[in-house]
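# Got a predicted structure here, sequence first:
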Amino acid sequence: MDDIREFEVNDWLVNEDGVCQVLGSQKYVVEPFFAKDYPSIGLGEEFENKLVCKILCDFEPNPRKSRFIKHYSSKWCEPLEGEYLALRDKIQSEYPEQYKKFASVKIKNPVLASVDFSIRVLPHEKQSILEQINHLLATKVNELNFENVEKLILNNIEGIESSSLVNRDILQSNALISLTYDVLRAKDKQFCFIGGKALSVYCSEE
């Protein structure tokens, strides 16, 4: 896929936030739960290269002073060239202390992101069901793929009317499950979930 751009650790790039340096990358493949979002890509094929980067500066230029680390899709990143390369060198020469601080930044904690799934639960038991889901997400979900997370929830909790976590076309959803993953810790290029949160959402039919 053309949008999957290759970057190595320590490569420099430019994106919406400014000049960045790559700390890590992880490719992902299309899984059944969101195949409809990528109709031109087959199941198991790569669709995304997620990059974890530290941000040196914006386009003003102003050196970054905090919140250095963010994650991006590689499709929105370009190799550092021309005026942006000169911008990096300008920061290095004119702001040596800030550049030194930037150079010392490492990944110390997991870089987290989430994937959201809409479901339908029995309205009169919603609060209890959400509490049960949250208990499972907090105690049983530790580096599980989507299939195993879905089985864990659907096989252990009564009152979920959806037949899957992705069956959005039949029932009006009244709850949201947001599954959390570490961007750089996929397994076989599949999402590896480490927790999450179930929330109530407004439904006009209730």
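Yes, it's here.

# ranges for the helices of the chain?
Taking DSSP state H to define them, one finds helices in the chain at 82-94, 96-103, 126-139, 146-156.

# could you redo those as CSV and give each row distance to residue 22, mean neighbour count and mean pLDDT?
(C-beta placed from N, C-alpha, C; glycine too.) As requested, the helices of the chain are exported to CSV (distance: least, Cβ to Cβ, whole Å; neighbours: other Cβ atoms under 10 Å; pLDDT from 0 to 100):
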stretch, distance to residue 22, mean neighbour count, mean pLDDT
helix 82-94, 13, 14, 96
helix 96-103, 13, 14, 94
helix 126-139, 31, 16, 98
helix 146-156, 27, 16, 96
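
# Just put those helices in CSV and tack on distance to residue 184.
Formatted as CSV, the helices of the chain follow (distance: least, Cβ to Cβ, whole Å):
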stretch, distance to residue 184
helix 82-94, 24
helix 96-103, 20
helix 126-139, 21
helix 146-156, 18
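
# The protein: strands as residue ranges?
Assigned by DSSP state E, the strands in the chain fall at 12-15, 18-29, 46-57, 69-73, 78-79, 112-119, 175-182, 193-200.

# strand partners of the second one, parallel vs antiparallel please.
Strands that pair with strand 18-29, judged by DSSP bridges, come out as strand 12-15 (antiparallel), strand 46-57 (antiparallel).

# Which stretch among these approaches residue 142 most closely?
strand 46-57 (20.6 Å; Cβ to Cβ).

# next one: that closest one to chain centre, how far?
11 Å (Cα atoms, centre = their mean, to the nearest Å).

# Equivalent analysis for stretch 115-127, please.
22 Å.

# contacts for that stretch?
For stretch 115-127, contacts defined as Cβ atoms under 8 Å, 6 or more residues apart in numbering pick out 33-34, 129-130, 159-162, 165-166, 168, 171-179, 181, 191, 200-201, 203, 206.

# do the same with stretch 195-206
114, 118, 123, 126-127, 130, 133-134, 137-138, 141-142, 149, 172-180.

# Would you indicate which residues of it are buried?
195-198 (16 or more other Cβ atoms under 10 Å).

# now do the same end-to-end measure for it.
28 Å (Cα to Cα, to the nearest Å).

# give the contact list for the residue nearest the centre of the chain.
What sits nearest the mean C-alpha location of the chain, by Cα atoms, centre = their mean, is residue 113, with 3.3 Å. By Cβ under 8 Å, 6+ apart, residue 113 lies in contact with 50, 71, 180-181, 183.

# Which residue ranges make up each domain of the chain?
Domains of the chain are assigned by automatic domain parsing as 12-103, 112-200.

# now the last one: how far from the chain's centre is it?
Domain 112-200 has its C-alpha centroid displaced from the chain centroid by 15 Å (Cα atoms, centre = their mean).

# Please name whichever of the strands paired with strand 18-29 is nearest to residue 28.
strand 46-57 (4.5 Å).

# Mind listing what's buried along the closest one?
47-57.

# Ok, stretch 179-194 next?
179-184, 186, 189-194.

# what's the answer for stretch 102-112, then?
102, 111.

# Just give the nearest non-adjacent residue to residue 154, would you?
With sequence-adjacent residues excluded and distances taken as Cβ to Cβ, 6 or more residues apart in numbering, residue 154 is closest to residue 160, at 6.2 Å.
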